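> starting from these lines, generate the structure:
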Amino acid sequence: MTTEQPYPPPQLPVFQRPSPPPSQLSLTFQSSLAALALLLSAGTLAHSKEASKAKSDPAAAFLRTTNLTSAYFEFSADQWKGIEPKQRETDRSPFGPGGMNLQGREGGRNGLSAAQGIEFDYVKGNLTLDNKALKDVAVRYKGNGTFMQSRGSDKRSLKVDVNEFTKGQKFEGLSKLNFHNGVTDPSLMNEVLSFQLYRDAGVPAPRTAYSRVYVSVPGTHNKTYLGLYSIVENVDSSFAESRFGSRKGLILKPVTPKPFEDLGDDWAKYKQTYDPKSDPTPAQTQRIIEFCKLVSHANDADFAAKLPGFVDLNAFARYMAVTVYLSTLDSILGIGQNYLVHLDAKSNQFQFIPWDLDHSFGQFMMVGSQEQREQLSIQKPWQGEIKFMERVFKVDAFQSAYRNALNEFTKTIFRPDRFQKQVDQLAAVLRPAVKEESAEKLERFEAVVRGEAVAPAMFGGPGGPGGNRREGGPGPGGPGGPGGPGGGRFGGGRMGFAPAKPIKGFVTARTSSLEQQLSGASKGQTIERMFGPGGRGGGGFGPGMFLAPVILQAADKNADQSLTKSEFHALAENWFSSWDKSKSGKVNEDAIREGLATAFPPPPGFGGPGAGRPEGAPPAGNPPPPQGGPRGGFNPAGFMARGFLTALDQDKNNEVSQAEFIKTFDTWFDSWNVSKDGKLTEDQLRTGLNKDLSMNR
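Residues are numbered from 1 along each chain as shown. Modelled structure (predicted):
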């Protein structure tokens, strides 16, 4: 086993579930001794189980939280070109009047990028991982928001299937591995420590390791360092066998803000929503439909009586206790994604598994304020109306198990000092690998390790030495990893989201809030609107939430917080002129994406040369091109460009002429100015953009 750890972690067992503090033990000496004996025996049992498991589970030694290894990918030039995502036509939109719709095409992936027709295909490549050579492995990009945010860089998340093209090939008993780029998290710890926390709580959750990742492509890359990744165990039949004792169960990956809603009697109506990872049997599909009907139609007494037959309530209580503690709102608590459900072959019960936790520890800034996430109610932690959650939380058996779990965990695994030690321990392991990416990333890493908030990353910054931009992507290419000089920009842009507290600051406030809520001293805070601090103004969630304040600031020449038709028309002229860099009289999707990206510059002082708007520079209505090429990635032009193109492209030729561009803006003004007073407010902008950019796909 190769572990590249220049600084060995301290010999403190902070990655094991700790014993309760003395205050939890009985006040009598006799019962204290009995409790202590029980704790000691439990610790011995856990140790013996781990030792036994290591013998039967070859991945156990590799998938350790503090294991840092190296991975070397090799591709031919054609393979490297072929791994690029495909853009397919879709009539779906991630935005709509009812909120987010994150489902992809029937039979395809779900998620933000999939909903826009972005699909990933496997290519062959070779991989040397932990000094073990694996030939002809299948590799593709993965991720949704993380892909959007990193699309201007080579440091993208990867899914590897070592068995797809070479049957029977495995790595330490594993067929699939997930390499996560951590682009949304400057500490690269959120997901890893969250999975650890779930496991400590007795919830089945993936195990993790870390890896430096390198890539070689003839003529392009020679062991180029892409950066530090986390390796996440795949939730598949092998995972199910190790956690639940059988491969015969069914794994689902739901994507819906209304889980377990009655969609009728035809399984076809459920399939894309629940995304089964294997072909379900008729009995399994019927079980899912039966549960959806129970949730949707049963009276309270019948629901409470029958729920334990469908859901392991003790297991779900532990899962919810950790989910709620982490305020991980990009989950079943909000959008309705980033978790899996296992339908057990023996018990016929549903068991919940966490997934995709880079925004955990209250760092999903698109939902609620920092205070709301820290004080999130333990009794109503979900946003809006989620019938499944509302009904389960009314069941006495669940409430008892849930509050017992919260009480226990608050005194043990939710202790702030435990997280602080874990952060410091991991920092010692990861610091050299982060330093190799760039000094700038190391500076941000050190800040969050200290507990200081930093601005969100606008990944994939200007090119230049070490820029490592994708061929054909925004900005020039260049040797070296994405984290080299000029290799990345950081900053919150003008999306209106304050930097989130990192782990150390969040857990102190969150544990205190749970203690107060459990004692009855506080009810916590709820988040009724889906997105933004407390639910942002009119129009709800959609592209307007990002674009409206930018458009208003750029076009409002007389600073009256509204736009006249002439101001809106002038913005259209300025944007088209600056986006049409080739002066061809037309702009395509790439030009629109680059143009939108300039509307979200990071604050001055972030990202080195060219980052932010220098003092005295023109506003976003007619911005100068950034040094080294425009930013690629999320910011959030990556997921708005396609909808923007479709809305503007009147003749549907995948290009927008100047006449089409300006005429559409004029039409929008007349349509959105519902008061007919000749002025657009920010709320009207937000509502109109949500409507027209959502419907035009």
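
> how about Gly227, secondary structure?
Counting by DSSP: H, G, I helix; E, B strand; the rest coil, the backbone at Gly227 sits in strand.

> burial measure for it, as a count.
Residues lying near Gly227 (other Cβ atoms under 10 Å) number 28. Quick note: C-beta positions are derived from backbone N, CA and C, even for glycine.

> Phe165 too?
15.

> look up how far Lys271 lies from it.
Plainly put, Phe165 is 27 Å away from Lys271 if you go by Cβ to Cβ, to the nearest Å.

> mind listing what the nearest residue to Tyr319 once chain neighbours are set aside touches?
If the residues on either side of it in the chain are set aside, Tyr319 comes closest to Phe352, at 4.5 Å by Cβ to Cβ, 6 or more residues apart in numbering. Contacts for Phe352 were tallied using Cβ atoms under 8 Å, 6 or more residues apart in numbering; they are 203, 315-316, 319, 332, 339-342.

> switch to 6 Å and redo it
316, 319, 339, 341 (Cβ atoms under 6 Å, 6 or more residues apart in numbering).

> what does the second one show for phi and psi?
Think Tyr319. Main-chain dihedrals, Tyr319, degrees, to the nearest 10: phi -60, psi -50.

> thought it was touching Pro204?
No: look at Tyr319 against Pro204 with Cβ atoms under 6 Å: they stay out of range, at 8.9 Å.

> which one's more surrounded, those two?
Ranked by neighbour count (other Cβ under 10 Å), Tyr319 and Pro204 place Tyr319 first, with 25 against 21.

> and the pLDDT for that one?
pLDDT recorded at Tyr319 is 98.

> please apply the same query to Glu106.
76.

> try Gly473
37.

> for the protein, give me the ranges with low pLDDT.
Where the chain drops to pLDDT under 70, the residues are 1-55, 89-101, 103-104, 111-117, 456-498, 529-542, 545-546, 599-639, 694-697.

> hmm, back to that, derive a ChimeraX selection command for the buried subset of the contacts of Phe352.
Command for ChimeraX that selects the buried part of the contacts of Phe352, burial taken from 16 or more other Cβ atoms under 10 Å:
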select :316,319,339,341
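
> now the contacts of Phe352 as TSV including distance to Thr564 and secondary structure?
Formatted as TSV, the contacts of Phe352 follow (distance: Cβ to Cβ, whole Å; DSSP: H, G, I helix; E, B strand; the rest coil):
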residue	distance to Thr564	secondary structure
Phe316	55	helix
Tyr319	53	helix
Tyr339	47	strand
Val341	52	strand
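
> name the nearest of the contacts of Phe352 relative to Trp575.
Tyr339 (39.5 Å; Cβ to Cβ).

> distance-wise, check the closest one relative to Leu680.
Tyr339 is 40 Å from Leu680, by Cβ to Cβ.

> and what of Val311?
48 Å.

> more crowded one of these two?
Neighbour count, other Cβ under 10 Å: between Val311 and Leu680, Leu680 has more, with 26 against 22.

> how about the more buried one, phi and psi?
Backbone geometry at Leu680, expressed as degrees, to the nearest 10, gives phi -110, psi 130.

> next one: Val137
Here Val137 shows phi and psi, under degrees, to the nearest 10, equal to phi -90, psi 160.

> and Val183, which of the three is it?
Quick answer, by three-state DSSP: Val183 is coil.

> wait, doesn't it sit right on Phe147?
No: the pair Val183 / Phe147 is not scored as a contact, 9.0 Å apart, by Cβ under 6 Å.

> tell me the secondary structure for Leu134?
On the three-state scheme (three-state DSSP), Leu134 is labelled strand.

> secondary structure element for the closest residue to it other than its chain neighbours?
Leaving aside its sequence neighbours, Leu134 sits nearest to Leu127 (Cβ to Cβ, 6+ apart; 4.6 Å). Here Leu127 sits within strand 123-129, counting by DSSP states H and E.

> against Leu326, how distant is Gly505?
14 Å.

> looking at the two, which is more packed in?
More crowded of Gly505 and Leu326, by other Cβ under 10 Å: Leu326, with 29 against 20.

> what sits against that one?
Per Cβ under 6 Å, 6+ apart, neighbours of Leu326: 194, 360-361.

> and for it, nearest residue in space, chain neighbours not counted?
Residue nearest to Leu326 in three dimensions, not counting chain neighbours: Ser360, with 4.4 Å by Cβ to Cβ, 6+ apart.

> from what I can see that neighbour touches Met189, true?
No: between Ser360 and Met189 no contact is recorded; they are 9.8 Å apart, counting by Cβ under 6 Å.

> about what we covered before: of all the contacts of Leu326, which comes closest to Met389?
Ser360 (18.2 Å).

> hmm, back to that, wait, a strand at the residue nearest to Tyr319?
Yes: Phe352: assigned to a strand according to three-state DSSP.

> list the beta-bridge partners for it.
Listed by DSSP bridges, the beta-bridge partners for Phe352 are Val341.

> now it: how far from Asp200?
16 Å.

> cool, and Asp666?
59 Å.

> what residues sit buried inside the strand holding Leu127?
The neighbour-count check on strand 123-129 (16+ other Cβ under 10 Å) flags 123-127, 129 as buried.

> helix or strand: which one has Met365?
Counting by DSSP H and E, Met365 is found in no helix or strand.

> okay, Asp666 and Asp200: which has more neighbours?
With neighbours defined as other Cβ under 10 Å, Asp666 and Asp200 compare such that Asp200 has more, 19 against 13.

> you'd agree that one is up against Phe414?
No: using Cβ under 6 Å, Asp200 is not in contact with Phe414, being 9.8 Å away.

> next, the buried residues of the helix or strand containing Asp692.
The secondary structure element spanning Asp692 is helix 682-695 (assigned by DSSP H and E). Within helix 682-695, the residues that count as buried by 16+ other Cβ under 10 Å are 682, 684-694.

> which among those residues gets closest to Ala60?
Ser694 (46.5 Å).

> give me the secondary structure label for Val215.
strand.

> contacting residues around it?
The contact partners of Val215, by Cβ under 6 Å, 6+ apart, come to 73, 221, 224, 226.

> what residues are bridge-paired with it?
Here Val215, judged by DSSP bridges, has bridge partners Phe73, Thr224.

> and it, how far from Val139?
Here Val215 is placed at a distance of 10 Å from Val139 (Cβ to Cβ).

> if we can go back for a sec, just give me the closest of the buried residues of strand 123-129 to Pro499.
So of the buried residues of strand 123-129, ranked by how close each gets to Pro499 (Cβ to Cβ), first place is Leu129, at 34.5 Å.

> is Gly643 located within a strand, as I assumed?
No: with three-state DSSP as the criterion, Gly643 is assigned helix and is not in a strand.

> hmm, it is touching Leu693, no?
Yes: assessed by Cβ under 6 Å, Gly643 is found in contact with Leu693 at 4.3 Å.

> buried subset of the contacts of Val215?
73, 221, 224, 226.

> contacts only, for the first one.
Taking Cβ under 6 Å, 6+ apart, we find Phe73 in contact with 125, 127, 215.
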